[in-house]
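J.: Here is a sequence with its predicted model. Questions after.
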Amino acid sequence: MTATVHLDRAGEAAWLTLDRPGRGNALVPELLAALRARIAEARTAGARVLVVTGAGRAFSAGGDVGVFAAHASDTVALRAYAAEIVGELNAAVLDLLAFPAPVLAAVNGPVTGGSAGLILAADMVAMSDTAFLQPYYSEIGFAPDGGWTALLPERIGSARALKALYLNERLSAHDCLKLGIADHVCEADRLGAVTGGQVAMILEKDAASLAVSRANVWSPARRARLATALEREREGFLSLIARPETLERMQRFLAAVRPAEPAR
């Protein structure tokens, strides 16, 4: 299984691309480990802007339900896999929040499940008009992760976040713009140019000023509180993952989407 994250430099900007398009850039431990390594490389290189985007039609489909289901016959292995992947996702979100320069997200397509954390950790979010945000937890029987309860409520309000979780609500790009999750929506073929324009504007500003602004907003104390909230999400995820109801819902979900799935 290939799970790659590319790091490309464009002057003083670093672009990270999730590159597992055959599986909708679904999150697996290998991809998250690669993401964390590329974030560290960009930090070491002194990037003044970090952009996260996805290859193909999706930004990221969240945790790969097929891989969870492959562990279903062994509940110990299933819980261990869940602990690993949600732990790696939490660490990646915290790495993005600790990055010493502005972080942008260029959301090229759907964002589902825990991959929401990768855009909630961004300071500025541009979305393709074909993109959307959707939780899926209540459909599959998973507990929310990736900041759906730790980050999203402070962005859009607790009641609005809970409504999306309860009803598995699909938030379109324009919904995300109205709610303050995104700050720009454009046609898919303009996303690179729009994000590039945002990068150019940031690079015109004083780097030290921007760094202090971000460090103060995402102070060590605030990140520590968030780490605690993300750990609660991980514990909740582990509490539900091996239930018979969850295993059954996973199989129903996979049966419904499998005809449209690309080959692994």
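T.: Looks like it arrived, so ask away. Numbering: from 1, shown residues only.
J.: Can you give the contact residues for stretch 146-159?
T.: 62, 89, 93, 113-118, 120-121, 135, 137, 160-162, 164-165, 179-181, 226, 229-230, 232-233 (C-beta atoms under 8 Å, 6 or more residues apart in numbering). (Glycine included, C-beta is placed from N, CA and C.)
J.: mind listing the strands in the protein by residue range?
T.: Assigned by DSSP state E, the strands in the chain fall at 4-10, 13-19, 49-54, 103-107, 111-112, 124-128, 132-134, 171-172, 184-186.
J.: got those strands as CSV, with mean pLDDT columns?
T.: Below are these laid out as CSV (pLDDT from 0 to 100):
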stretch, mean pLDDT
strand 4-10, 94
strand 13-19, 98
strand 49-54, 98
strand 103-107, 98
strand 111-112, 98
strand 124-128, 98
strand 132-134, 98
strand 171-172, 98
strand 184-186, 98
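J.: what's the closest of those to Ala207?
T.: strand 49-54 (9.5 Å; C-beta to C-beta).
J.: Just the CA trace of the closest one, in PDB.
T.: The C-alpha coordinates for strand 49-54 follow below in PDB (Å, rounded to 0.1, in the frame of the first residue of the first chain):
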ATOM      1  CA  VAL A  49       4.200  29.600   4.500                       C
ATOM      2  CA  LEU A  50       3.000  26.000   4.700                       C
ATOM      3  CA  VAL A  51       0.200  24.800   2.300                       C
ATOM      4  CA  VAL A  52      -1.600  21.500   2.700                       C
ATOM      5  CA  THR A  53      -3.600  20.100  -0.200                       C
ATOM      6  CA  GLY A  54      -4.600  16.700  -1.800                       C
END
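J.: Check which helices and strands that strand sits against.
T.: Here strand 49-54 touches strand 13-19, strand 103-107, helix 191-203, going by 3 or more C-beta pairs under 8 Å, 6 or more residues apart in numbering; DSSP states H and E.
J.: buried set for the longest one?
T.: For helix 191-203, the buried set under the neighbour-count rule, 16 or more other C-beta atoms under 10 Å, comprises 191-192, 194-196, 198-199, 202.
J.: how about the helices in this structure?
T.: Listed in chain order, the helices of the chain (DSSP state H) span 29-44, 65-70, 75-97, 116-120, 137-140, 152-156, 158-167, 173-179, 191-203, 207-217, 220-241, 244-257.
J.: what separates the fifth one from the chain centre, distance-wise?
T.: The offset between the C-alpha centroid of helix 137-140 and the centroid of the whole chain comes to 17 Å, using C-alpha atoms, centre = their mean, to the nearest Å.
J.: what packs against that helix?
T.: Where contact means 3+ C-beta pairs under 8 Å, 6+ apart, helix 137-140 is packed against helix 158-167, helix 244-257.
J.: do the same with the second one
T.: Identification of packing neighbours for helix 65-70 by 3+ C-beta pairs under 8 Å, 6+ apart yields helix 75-97, helix 244-257.
J.: Show the average pLDDT along the first one.
T.: Model confidence over helix 75-97, given as mean pLDDT, is 97.
J.: and if you look at stretch 175-183?
T.: pLDDT averaged over stretch 175-183 gives 98.
J.: Between the two ends of that stretch, what distance do you get?
T.: Distance between the two ends of stretch 175-183: 11 Å, counting by C-alpha to C-alpha, to the nearest Å.
J.: One more: stretch 50-63?
T.: Stretch 50-63 has an end-to-end distance of 23 Å (C-alpha to C-alpha).
J.: Show me what counts as buried in that stretch.
T.: 50-63.
J.: for the stretch 151-264 of the chain, which spans come out with low pLDDT?
T.: Applying pLDDT under 70 to the stretch 151-264 of the chain flags the ranges 258-264.
J.: JSON lines for the helices and strands packed on helix 65-70, including distance to Trp218 and mean neighbour count?
T.: Formatted as JSON lines, the helices and strands packed on helix 65-70 follow (distance: least, C-beta to C-beta, whole Å; neighbours: other C-beta atoms under 10 Å):
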{"stretch": "helix 75-97", "distance to Trp218": "5", "mean neighbour count": "19"}
{"stretch": "helix 244-257", "distance to Trp218": "33", "mean neighbour count": "14"}
